[in-house]
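**Student:** pasting a predicted model and its sequence here:
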Amino acid sequence: MQEEGFSVWETGVSRGGNGSAGQAGGRRGQVVKGGAPPAAERQCDLVTVPARQGLEAVDILRLRDGVGPVLHDGACDTLGFLVPAGTAAGWDVPGSACTQTSGRGINLAALCGEGAPAEPPATGTGWLVPPEGAGADATDPAVLREALGEAARTIEAVDRCQ
């Protein structure tokens, strides 16, 4: 299955972690708080952001709330965060985009199955945070929004100091 509009390549980068407290979602196959269906029954949307801001956000999410699978592109221009389906309808974070993929390519069942490491869902993509190393099945959109805001402020502060 391939996700249109997210052109990335695989470099073999994998910075999987063991998860963290306050994870935004359940692990593979578990029902998460609030009665959400298991990963096998859930689709994802994809939030894409500039790589610099995305890398900062990944670090923030790993330290605090856990992060779901994250894709990277070969030009090192963008990162793609897997978020729960339906996120695209209300996503309004400047400098980012959220693509609805439900029924068109990214299914948590395919990514979170047991066994061999998951293949990226789009041609030429690679995992920055693979599903088997992620702290959640998908990144919580509200938590991601906060992390992206903090990342943008951090980058702005660094750029002012140079």
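**Tutor:** Looks like it came in fine.
**Student:** contacts and neighbour counts: CA atoms only from here.
**Tutor:** Noted.
**Student:** longest helix of the chain?
**Tutor:** Longest helix of the chain, by residue count under DSSP state H: helix 141-161.
**Student:** what's that helix in contact with?
**Tutor:** Helix 141-161 has contacts (CA atoms under 8 Å, 6 or more residues apart in numbering) with 24, 53-54, 56-57, 60-61, 65, 83-84, 87, 93.
**Student:** can you list which of those are found in strands?
**Tutor:** Judged by DSSP state E, strands contain the following of these: 83-84.
**Student:** need the helices for the chain, in chain order.
**Tutor:** 51-64, 108-111, 141-161.
**Student:** ok so, going back, and the buried ones among the contacts of helix 141-161, selectable in PyMOL?
**Tutor:** Command for PyMOL that selects the buried part of the contacts of helix 141-161, burial taken from 16 or more other CA atoms under 10 Å:
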select buried, resi 24+53+54+56+57+60+61+65+83+84+87
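**Student:** buried residues, stretch 127-145. List them.
**Tutor:** In terms of neighbour count (16+ other CA under 10 Å), stretch 127-145 has its buried residues at 127-141, 143-144.
**Student:** least trustworthy helix or strand in the chain by mean pLDDT?
**Tutor:** Ranked by mean pLDDT, DSSP states H and E, the weakest helix or strand in the chain is helix 108-111, scoring a mean of 60.
**Student:** just the pLDDT for Leu157.
**Tutor:** Check again: residue 157 is Ala, not Leu. Ala157 carries a pLDDT value of 94.
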